[in-house]
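Undergrad: Pasted the sequence and its predicted model underneath.
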Amino acid sequence: MSLNYIKNFYEGCVKPPTVIGQFHTLFFGSVRMFFLGVLGFAVYGNEALHFSCDPDKREINLFCYNQFRPITPQVFWALQLVIVLVPGAIFHLYAACKSINQECILQKPVYTVIYILSVLLRISLEVIAFWLQIHLFGFQVKPLYLCDAGSFGEKFTIIKCMVPEHFEKTIFLIAMYTFTVITVVLCVAEIFEIVFRRLCFLIRQ
């Protein structure tokens with residue numbers, strides 16, 4: 001349903017003025033969302049239930065899991081996708097309200113600048129999300145997590161916890177990093193394509 005919503009949203013708005021931008025929309029709206037929605041749930045969906053510590057008590061497991069995951073990866077990546085979508089969505093809604101077509105975006109300097117600014121903002125948001133992901137999740141999920149349970153009142157201040165399916169989660173992390181890098185590269189390439197087509201338009205005049 002979410003993929004159909006995104007597809008219908010972009011069909012109702014102005015399509016990106018560049019080939020790279022249209023490919024980015026397809027990549028962003030289908031591959032990345034599908035990967036997160038389907039595979040992300042399969043890998044991370046029941047993580048809290050299978051996260052176990054020694055001693056294996058429910059309250060200790062929950063305490064240590066909240067320490068291990070201040071925010072769940074699914075929620076973080078969903079927020080990332082929504083926030084990164086906002087600059088382009090605002091521009092497309094503005095263009096649709098003003099009846100601005102693809103040719104106007106490339107031909108009129110003010111629209112070209114606004115569109116480039118929206119792409120630059122998208123890049124900035126992706127870079128910030130990339131940095132936050134490194135800070136929160138790192139590049140590898142280790143099979144053993146050492147939980148600081150001192151504030152919980154346990155006689156053992158450091159508790160060993162087992163992280164389920166750590167290898168699959170590591171692969172998924174790398175894949176999400178890769179998607180972010182691909183998105184940034186596409187955005188940079190789109191800016192170059194816009195500038196190139198704008199120069200070609202000026203030369204033809």
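TA: That came through, no problem.
Undergrad: can you give me the strands in this protein?
TA: For the chain, strands defined by DSSP state E occupy the ranges 52-54, 144-148, 158-162.
Undergrad: how about CSV for those strands, with mean neighbour count and distance to Lys108 added?
TA: Where you see a C-beta, it was placed from the backbone N, CA and C, and this is true even at glycine. Formatted as CSV, those follow (neighbours: other Cβ atoms under 10 Å; distance: least, Cβ to Cβ, whole Å):
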stretch, mean neighbour count, distance to Lys108
strand 52-54, 17, 60
strand 144-148, 15, 55
strand 158-162, 16, 58
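Undergrad: Can you name every helix or strand that the lengthiest helix in the chain contacts?
TA: Of all segments of type helix in the chain, defined using DSSP state H, the longest is helix 166-204. Contacts defined by 3 or more Cβ pairs under 8 Å, 6 or more residues apart in numbering; DSSP states H and E place helix 166-204 against helix 19-26, helix 40-44, helix 73-97, helix 102-107, helix 109-137.
Undergrad: Now do the buried residues in the fourth one.
TA: Spelled out, it's helix 102-107. Using 16 or more other Cβ atoms under 10 Å as the test for burial, helix 102-107 gives 104-107.
Undergrad: now the longest one
TA: Within helix 109-137, the residues scored as buried using 16+ other Cβ under 10 Å are 111-112, 114-116, 118-119, 121-123, 125-126, 129-130, 133, 137.
Undergrad: Show me what that helix packs onto, helices and strands only.
TA: By 3+ Cβ pairs under 8 Å, 6+ apart, helix 109-137 packs against helix 73-97, helix 102-107, helix 166-204.
Undergrad: mean pLDDT lowest for which of these?
TA: If the helices and strands packed on helix 109-137 are sorted by mean pLDDT, helix 102-107 sits at the bottom with a mean of 75.
Undergrad: just checking, what packs against it?
TA: Short answer (3+ Cβ pairs under 8 Å, 6+ apart): helix 102-107 packs on helix 109-137, helix 166-204.
Undergrad: Could you list the buried residues of the longest one?
TA: Put plainly, it is helix 166-204. For helix 166-204, using 16+ other Cβ under 10 Å, the buried residues are 169-170, 172-173, 175-176, 179-180, 182-184, 186-187, 189-191, 193-194, 197-198.
Undergrad: ok, back up a step: which one of the helices and strands packed on helix 102-107 lies closest to Asn46?
TA: Nearest of the helices and strands packed on helix 102-107 to Asn46, taken as Cβ to Cβ: helix 166-204 at 12.2 Å.
Undergrad: Pull the distance from that closest one to the chain's centre.
TA: Put simply, helix 166-204 sits 13 Å off its chain's centre (Cα atoms, centre = their mean, to the nearest Å).
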